[in-house]
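*Asks:* Build me a structure from this.
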Amino acid sequence: MNIGFVAHESKKKLMQNFCIAYRGILMKHKLFATGTTGRLIEEVTNLTVHKYLAGTLGGEQQIGAQIENNDIDLIIFMRDPEQFTGINNVHKLVQLCDSHNIPLATNVATAELLIKALDRGDLDWREFYK
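*Replies:* Numbering: from 1, shown residues only. Presented below is the predicted three-dimensional model:
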């Protein structure tokens, strides 16, 4: 499955720790991320991540285009609820996931639930959408 990663600046370390903890599951899938987030994930996990532009430079829109083309199966977006810059991009990403039936985690608790569900095969229904 194709997993997309986005993280606000204050949540990048949390994203790194999440990816370290679930490296064994993530290595079985194709990973995509905004630029800086992808680089940071690669540095700590040695996983291969297809990196787009930095989120503020268009990376979130690039992931959004992948969602619209049904090329992403799951989004993990560690967002800072206190961060108001780029709020329109956040809203657009959530709206796209809702419109295209893409599971979306916006915090570590939901991300853990989704990654464990992915590992159990609970998200295999996504294959029918492709």
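*Asks:* if you go through this structure in chain order, where are the helices?
*Replies:* Applying DSSP state H to the chain gives helices spanning 12-21, 23-26, 35-45, 59-68, 87-99, 108-120.
*Asks:* Reformat those helices into JSON lines and put distance to Phe77 next to each item.
*Replies:* Placement of C-beta: from N, CA and C, glycine included. Written out in JSON lines, the entries for those read as follows (distance: least, CB to CB, whole Å):
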{"stretch": "helix 12-21", "distance to Phe77": "9"}
{"stretch": "helix 23-26", "distance to Phe77": "15"}
{"stretch": "helix 35-45", "distance to Phe77": "10"}
{"stretch": "helix 59-68", "distance to Phe77": "9"}
{"stretch": "helix 87-99", "distance to Phe77": "7"}
{"stretch": "helix 108-120", "distance to Phe77": "9"}
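*Asks:* what's the closest of those to Ile75?
*Replies:* Evaluated with CB to CB, the helices of the chain place helix 87-99 nearest to Ile75, the distance being 5.8 Å.
*Asks:* Mind listing what's buried along the closest one?
*Replies:* When burial is assessed from 16 or more other CB atoms under 10 Å, helix 87-99 yields the following buried residues: 89-90, 93-94, 96-97.
*Asks:* about what we covered before: between the helices of the chain, which one is nearest to Leu74?
*Replies:* If you check each of the helices of the chain against Leu74 by CB to CB, helix 108-120 wins as the nearest, at 6.1 Å.
*Asks:* Between helix 12-21 and the closest one, find me the angle.
*Replies:* Comparing the axes of helix 108-120 and helix 12-21 via axes from the mean of the first three to the mean of the last three CA atoms, to 10 degrees yields an angle of 30 degrees.
*Asks:* Identify all contacting residues around helix 108-120.
*Replies:* Helix 108-120 is touched from outside by 1, 3, 14, 18, 22, 25-26, 29, 74, 76, 78, 103, 105, 123, with contacts defined as CB atoms under 8 Å, 6 or more residues apart in numbering.
*Asks:* now the angle from the lowest-mean-pLDDT helix or strand in the chain to helix 59-68?
*Replies:* For the chain, counting by mean pLDDT, DSSP states H and E, helix 87-99 ranks last in confidence among helices and strands (a mean of 83). Taking the same axes, to 10 degrees, one finds helix 87-99 and helix 59-68 inclined to each other by 10 degrees.
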